[in-house]
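A.B. asks: coords please:
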Amino acid sequence: MFQGRAKAAARRLLVGGMEASGVLPAVRRRTEPQRAVILRYHSVSPFDAATRLYRSGTIAVSPATFERQMRFLAQWYQVVPLSRVVDCLDRGEAFPHRAVAITFDDGYRDNFVHALPVLRSFGFQATVYVATGAIGDGWRFWLARVRACILRSSRSRIDLESLGQFDVSSDRERETAVNRLTRQLKLLTSEERASAIERIAAETGITVPVQGSNGWFMDWDQLREMAAGGIEIGAHTHTHPILTRLSDESADSEIRKSRDELERGLGRPVHHFAYPNGGGVVNHDARIVGLVRAAGFRSASTSIDGVLRLGADPFRLRRLGIAERQSLDGFAFKLERDRVFSFARQRARPRLLLVGPPPDAPGGISTCVRTVLGSTIGSQFEITHLSPTGAHAFHQPKVLAFLRLVRAMCVLSFLMLFRRPAIAQIHTAYGIDFWRGAPFVLLSRAVRIPNVLIIHGSRFDRAYQDAGRLQRAGIRFVLRQASAIHVRGQYWRDVLLSIEPRLPVYVLPTTTEPVDDVRVDAAMKWSTPVVLFVGGMSAIKDNVRKGLPDLLAIVPSLVAQVPEAKIQIVGPDSGDPWKKLFANATGHVEFLGSLTRKEIREVYRKAAVFVLPSHAEGMPNAILEAMAHGLPVVATSVGSVSEVVEHGRGGYLLPPGDKQQLLDALVKLLKDPESAMTMGEHNRAVVRDGFTNRHTADRLLASYATVLSGERRSL
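C.D. replies: Numbering: from 1, shown residues only. Sure, this is the predicted structure:
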């Protein structure tokens, strides 16, 4: 015992030193989008006599410990639903940055009492795998029943024949007996185990349910409240058997019965499964995996400790088991243990220098930067992100912007000398933004580092036309220094080739994350249909360019023909500069201001039609996001919009500034919900098949391979 305690103390000291020295924080900050973690909890409960009766301390954490662990996750990680992790595996797409999913096994009532309030306080979602036979009656959960019989027995010794004789004269001996018996019972068939449990009840004298056992596990009302609050309920068999010890017929019945009972009781589909019983037994094999897959589940979780990597089998998901005995430092170490020991190997990846605004800043360029940082590119390159604008992106005084650019150039010089990248990727736009990115193109070219220039924005063509003769020559010179140039559509490729015919230009369409589960009642959505416009945050000229005045000018006519319609405007904080345009319909227009990504996803989810009557665009992220949410689109045929929105099938395209056609298109969609929803589903398929973030990663990786090989050609 002393030796075990000494080892535990040494381990805590080592892990605490790694945390205090900054080693663990440094590992946590590393970008590795091909990795995700699933946590496996059981009970979240106080360590007292009442809870000890139905669960082992080795599978429990106290409410205080759980709260500290969740606070740590909120600080360092991105907690995502299990379904999001499975989506990434199914599509071969990168996991969200530092993704962690939370799961609970068995369905203990303390998950509802103690864990749920903590999860809600942090806005976390989780998955609870429920053994349906124990819902509302813990005495039917054989592990808890055996435990209660032994711990409540007043006898000092029991004889269980083939299972052996057991000393139960003290608390310590009873705990030892429970552990020995549990291991042995797991190796029996269901029939043998049921007979053995009856023998245990008779020998211990505990032949009827102990008081309070009906409160050990959640009842249906609690499960429904959890499900309604965003907690996903998964299946965990009916009686918690070892499935590999069952026949095909019995195992299939256990698997399907748990799912069917949950779906009837909750009134919603059940997509995920967990194999019951770990603790050294083989709880699944190829036969059981095949039965779970055939039953129609999307995933199945194991009790095998480990993290997930892209390419993992969704029906053999590894998880990290969490228990009270781990300190907070130990919890932090467990989350990163695999990366600590593979740190040197990861450093061997070639370096990619990513030059662009912060990933959390507003705008399409930041969205692209965020996509690269969260993609599978991180599995092949060590990405160093350098922002020439600092944390304030493009919205800052010119003097500060210049000083931050100088600082970024100094950092770049240091990187070139001491952490030389294999390739540089520079994000830019038009006007002053183009010249802000130009030094990075020129310097990387000067030191013979291949570079990829990605040009965003809606006015590169006009900016070039309006530039003076000397400026045009400078633009052409900078473009010629790029190893490869990416633009947001064929329209923009044609523009660049008209400027300099021999440029190595690639098409890199705007992409987004697919959204497969919108879950909004159609009747409710269309009873008060929302027309959604997403524009700039504050600059009036940005929203003029995006056609907001054209939209607001037709609002009175629109609501005259569709009185139940409402228009929501995301971006501008106030409608004051525009009120004269819709003075007679102010009750139908709502300005939502700037929203977080989570908030705007909810707005997309509830909208009926998306509109963007721009006068100039590249390939707008907002249109792709609306299409991914299954919305029909009314937009103008500017830039590369027509390359993603198919007129008549995904919505309607019209000339910029034509208010009558804009009005007619919106009225047509709002009066024909069936056609609008069909167009929305078409748009969702378009995004899924060619405009997801996985497609961006694939195109960029192909481009890197080309420029690293020394080729320089236009595609």
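A.B. asks: from here on, contacts and neighbour counts on C-alpha atoms
C.D. replies: OK.
A.B. asks: who's in contact with the helix or strand harbouring M679?
C.D. replies: Assigned by DSSP states H and E, M679 belongs to helix 673-690. The contact list for helix 673-690 (C-alpha atoms under 8 Å, 6 or more residues apart in numbering) reads 511-512, 514-515, 526, 609, 624, 627-633, 644-645, 649-651, 669-670.
A.B. asks: now swap in stretch 222-242 and tell me
C.D. replies: Against stretch 222-242 from outside (C-alpha under 8 Å, 6+ apart): 105-106, 112, 116, 125-134, 140-142, 186-187, 190, 254-259, 262, 265-266, 270-277, 282-283.
A.B. asks: R84: what secondary structure?
C.D. replies: Of the three states, R84 takes helix according to DSSP: H, G, I helix; E, B strand; the rest coil.
A.B. asks: if I look at it, how far off is L624?
C.D. replies: Using C-alpha to C-alpha, to the nearest Å, R84 is found at 19 Å from L624.
A.B. asks: Between these two, which is the more surrounded one?
C.D. replies: Legend: neighbour count by other C-alpha atoms under 10 Å for R84 and L624, higher for L624 (28 against 14).
A.B. asks: quick one: the host helix or strand of that one to helix 673-690, angle?
C.D. replies: Per DSSP H and E, L624 falls inside helix 621-628. Computed by axes from the mean of the first three to the mean of the last three C-alpha atoms, to 10 degrees, the angle separating helix 621-628 from helix 673-690 equals 110 degrees.
A.B. asks: Pull helix 621-628 out as CSV, backbone CA atoms only.
C.D. replies: In CSV, the C-alpha atoms belonging to helix 621-628 read as follows (Å, rounded to 0.1, in the frame of the first residue of the first chain):
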residue,chain,number,x,y,z
ASN,A,621,-19.5,33.1,-47.0
ALA,A,622,-23.0,34.1,-46.0
ILE,A,623,-24.6,32.6,-49.1
LEU,A,624,-22.7,29.3,-48.5
GLU,A,625,-23.8,29.2,-44.8
ALA,A,626,-27.4,29.8,-45.8
MET,A,627,-27.3,27.1,-48.4
ALA,A,628,-25.8,24.7,-45.8
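A.B. asks: pLDDT averaged over the helix or strand that that helix is followed by - what is it?
C.D. replies: The element immediately downstream of helix 621-628 (helix or strand, assigned by DSSP H and E) is strand 633-636. Over the span of strand 633-636, the pLDDT mean works out to 96.
A.B. asks: before we move on, what about stretch 454-463?
C.D. replies: 89.
A.B. asks: Then stretch 74-88?
C.D. replies: Here the average pLDDT along stretch 74-88 is 92.
A.B. asks: And stretch 188-205, by the same measure?
C.D. replies: For stretch 188-205, the per-residue pLDDT averages 88.
A.B. asks: how distant is it from the center of its chain?
C.D. replies: 45 Å (C-alpha atoms, centre = their mean, to the nearest Å).
A.B. asks: Next, the buried residues of that stretch.
C.D. replies: For stretch 188-205, the buried set under the neighbour-count rule, 16 or more other C-alpha atoms under 10 Å, comprises 188-190, 193, 196-197, 199-201, 203-204.
A.B. asks: contacting residues around that stretch?
C.D. replies: Against stretch 188-205 from outside (C-alpha under 8 Å, 6+ apart): 142, 146, 149-150, 153-155, 158-160, 185-186, 207, 241, 245-246.
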